[in-house]
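A.B. asks: Quick one, fold the following:
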Amino acid sequence: MNEIKIQVPDGFDGIDEEKSDLSNGIIIFKEKKHTPWRYTKPGLDGWYVSTFSGIRHTQDSVWDADNMNIFATEKQAKSMLAMAQLSQIIANDERFGGPITDTEWQDDNVRKFVIRRYKNMVDTDWFHQYHHFLAFHTKEQRDLFLQENKDLIRQYFMLD
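C.D. replies: Residues are numbered from 1 along each chain as shown. From the prediction side, this is the model:
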């Protein structure tokens, strides 16, 4: 009897015995099933924003419905906290005109005056179509918001 060694190809998990017909020399391999990381219930080491807006570290959490708010880095958690504060300022300080509405975002004729990160700095611009979180109805609103909230904006853009 002649013996042939066949190596299982990369990306496969062995012979699929149901589909293979060894008596006729037909070998079918089973494809490896890869479970995306988020479905494996991995242990987490990260950072979250606590009830009283503190940034807390955790090492013994499991990725599940109760812990999807854990960031990989402290800087990311601080960014999220700044984002929450910035959104409340835009929504509640009447000088900033409230958030840009979905209708306004759909209208290519409406300019949106934005604050954005460009490389390692805070930048301003205007767009008709490109969505940005820090978007305003007027240049004056944008510039005042930047002047008053530069610290939070830098934290949101993870520049500090």
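A.B. asks: all strands of the protein, in order?
C.D. replies: 12-15, 29-31, 43-49, 55-62, 112-118, 121-127, 135-136 (DSSP state E).
A.B. asks: Mean neighbour count, those: which tops it?
C.D. replies: Counting by mean count of other C-beta atoms under 10 Å, strand 135-136 has the highest mean neighbour count of those, with a mean of 24. The way it works is simple: take the backbone N, C-alpha and C, and place the C-beta from them, glycine included.
A.B. asks: Show me what it packs onto, helices and strands only.
C.D. replies: Contact here means 3 or more C-beta pairs under 8 Å, 6 or more residues apart in numbering; DSSP states H and E; on that basis strand 135-136 packs against strand 112-118.
A.B. asks: mean confidence score for the strand it packs on?
C.D. replies: Averaged across strand 112-118, pLDDT comes to 97.
A.B. asks: Give me the angle between it and strand 121-127.
C.D. replies: Orientation check (axes from the mean of the first three to the mean of the last three C-alpha atoms, to 10 degrees): strand 112-118 against strand 121-127 gives 150 degrees.
A.B. asks: Of all the strands of the chain, which one is nearest Ser87?
C.D. replies: Smallest distance to Ser87 across the strands of the chain (C-beta to C-beta): 11.5 Å, for strand 135-136.
A.B. asks: ok, the closest one: who's next to it in the sheet?
C.D. replies: Using DSSP bridges, strand 135-136 pairs in its sheet with strand 112-118 (antiparallel).
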